[in-house]
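**Q** no FASTA, just this:
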DNA sequence: ATTATTGTATTAAGCTCCTAATACAGTCAT
DNA sequence: ATGACTGTATTAGGAGCTTAATACAATAAT
């Protein structure tokens, strides 16, 4: 998986987002050990300080556990991960729907557009 | 309508987005005159320079026309506005779908979640 | 014990964004 | 013609983000 980073938002917030996605999708399994800050920083082509900041943020949210001198791991609390996943999903959906409505699309319209796009992507 | 501005992204890009939404939804009708930079800045509680930057960006994209010393107006080119609207919508949908997929949601799942949320909002 | 590897902290520099305070030139109403 | 209004440009300063180069303490491996 790639670390796609744009310049329109702070990098560390994008790193937080990417790592969450990996946790939620199982790329980083619950309880598994994370690569070191330096390794992750290098893989993402980012300064270690920046990666450190993203990881600190994730620890603050409880998704990641730090073992002081022997690396980090993903939490084993499946229910909390599920909760965080649901929350992020809902937030993103609401933000998306709000944008579309402000642009003048009606709910019916939005649904049909998405349905068609999803169909397209399956082909 | 409100000018909701968060601190996680540059303000001027958020202004661009807001103004686009107003054009696409008809709040600012095609060909209509825009309030002055200073007025818009005050309404959005933002520095005139910042609003100026957003408006310059919009002019660069062709959505807005500047009449040097007598204010600005929305373009009258309906087809170009429609094009820009469709493009922005599609971009936002794709970005959204990609995020959801990276989080581990399947397309079917996404559709049902949105359908349910839209139903909720109608009530 | 020594060495490599952890997370963490610090300092300095450069960059963008944002604000503030002005200033100027052209247009419009009076 | 005068005055109020346009967009525009400039300068200065502060804040946040990012990088770079280190340094330190604690653990793990040898």
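**A** Everything's here; your move. Just so it is clear, the model here is predicted, and its values are computed rather than measured.

**Q** from here on, just use CA atoms for contacts and neighbour counts.
**A** Will do.

**Q** pLDDT weak spots in chain A?
**A** A:122-123 (pLDDT under 70).

**Q** pull the number of nearby residues for residue A:45.
**A** 12 (other Cα atoms under 10 Å in any protein chain shown).

**Q** likewise for residue A:44?
**A** Neighbour tally, residue A:44, other Cα under 10 Å: 16.

**Q** chain A against DNA strand D: which residues are in contact?
**A** Counting by Cα under 7 Å from any atom of the strand, chain A comes close to DNA strand D at A:9-13, A:45-50, A:68-70.

**Q** distance check, the spatially most central residue of chain A against residue A:72.
**A** Centroid-nearest residue in chain A: residue A:17, 2.8 Å away (criterion: Cα atoms, centre = their mean). Separation of residue A:17 from residue A:72 (Cα to Cα, to the nearest Å) stands at 17 Å.

**Q** next: residue A:35.
**A** Taken as Cα to Cα, the span from residue A:35 to residue A:72 is 8 Å.

**Q** how far out from the middle of the chain is the longest helix anywhere in chain A?
**A** Across chain A, the helix with the greatest residue count (assigned by DSSP state H) is helix A:78-102. Distance of helix A:78-102 from the chain centroid (Cα atoms, centre = their mean, to the nearest Å) equals 11 Å.

**Q** for that helix, name the packing helices and strands.
**A** For helix A:78-102, the packing partners by 3 or more Cα pairs under 8 Å, 6 or more residues apart in numbering or on different chains; DSSP states H and E come out as helix A:11-25, helix B:11-25, helix B:78-102.

**Q** so chain A: which segments form each domain?
**A** Recorded structural domains for chain A (assignment: automatic domain parsing) are A:11-76, A:79-122.

**Q** deepest of those, which one?
**A** Most buried of the domains of chain A, by mean neighbour count (mean count of other Cα atoms under 10 Å in any protein chain shown): domain A:11-76, with a mean of 17.

**Q** endpoints of that one, how far apart?
**A** By Cα to Cα, one end of domain A:11-76 lies 27 Å from the other end.

**Q** any idea how far residue A:118 is from residue A:75?
**A** For residue A:75, the distance to residue A:118 - Cα to Cα - is 33 Å.

**Q** about what we covered before: for residue A:91, which of the helices and strands packed on helix A:78-102 is the nearest?
**A** Among those, helix B:78-102 comes nearest to residue A:91, with 11.1 Å by Cα to Cα.

**Q** ok, and what's touching that closest one?
**A** Contacts with helix B:78-102, where a contact means Cα atoms under 8 Å, 6 or more residues apart in numbering or on different chains, come from A:21-22, A:25, A:89, A:92-93, A:96, A:100, A:103, A:114, B:24, B:30, B:63, B:106-107, B:110.
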